[in-house]
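Trainee: got a predicted structure here, sequence first:
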Amino acid sequence: MGAQWFANLLAELRCDFPAARIFGVLDCQNHTGQALMALECGISHILVGTLAQTAFDALGQIATQRGCHIWRGISSMPETAPSDDVLAAFPLFAMNDHYLPASECKKRLLAHLAQQ
């Protein structure tokens, strides 16, 4: 379904349940472009896999500018409930929603980084 679908789902849930604290974490696995798209869609909690350090650092800078959080390599369920400061993430299921080719994802990331 992709990042925009997930962002819309979170918005609908927050609208339908305004008193609830709803955190959504999108697992982008090893796809830098998908993580960038998630940031562009306003998803504030993003999990990535084993990205190169330079790509992770670049995404981290973008996330910080947008008030978002990005984690790398978290794969186990937290023993305690997440706090306001730290949100532990774990994969629920893999959607395998890799619609854009890697070249397009890379092109979008480079274009975004050039604007910084």
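Mentor: Ah, there it is. Model, not experiment: these values are computed from the prediction. Numbering: from 1, shown residues only.

Trainee: which residues touch the residue nearest the centre of the chain?
Mentor: Computing the C-alpha centroid of the chain and ranking residues by CA atoms, centre = their mean puts I46 first, at 2.5 Å. With contacts defined as CB atoms under 8 Å, 6 or more residues apart in numbering, I46 is in contact with V25, L26, C28, A35, A38, L39, L59, A63, C68, H69, I70, W71. All C-beta atoms are positioned from the backbone trio N, CA, C, and that covers glycine.

Trainee: go on, V48?
Mentor: Taking CB under 8 Å, 6+ apart, we find V48 in contact with 27-32, 35, 56, 59, 70-73.

Trainee: which among the residues you listed gets closest to R108?
Mentor: T32 (9.6 Å; CB to CB).

Trainee: which strand or helix spans the closest residue to that closest one other than its chain neighbours?
Mentor: The shortest distance from T32 to any non-neighbouring residue, by CB to CB, 6 or more residues apart in numbering, is to A55 (4.7 Å). Counting by DSSP states H and E, the secondary-structure element that holds A55 is helix 53-65.

Trainee: quick one: G24 and L10 touch, right?
Mentor: Yes: the pair formed by G24 and L10 meets the contact definition of CB atoms under 8 Å, at 4.4 Å.

Trainee: which neighbours do those two share?
Mentor: Common neighbours of G24 and L10 are listed as I43 (criterion: CB under 8 Å, 6+ apart).
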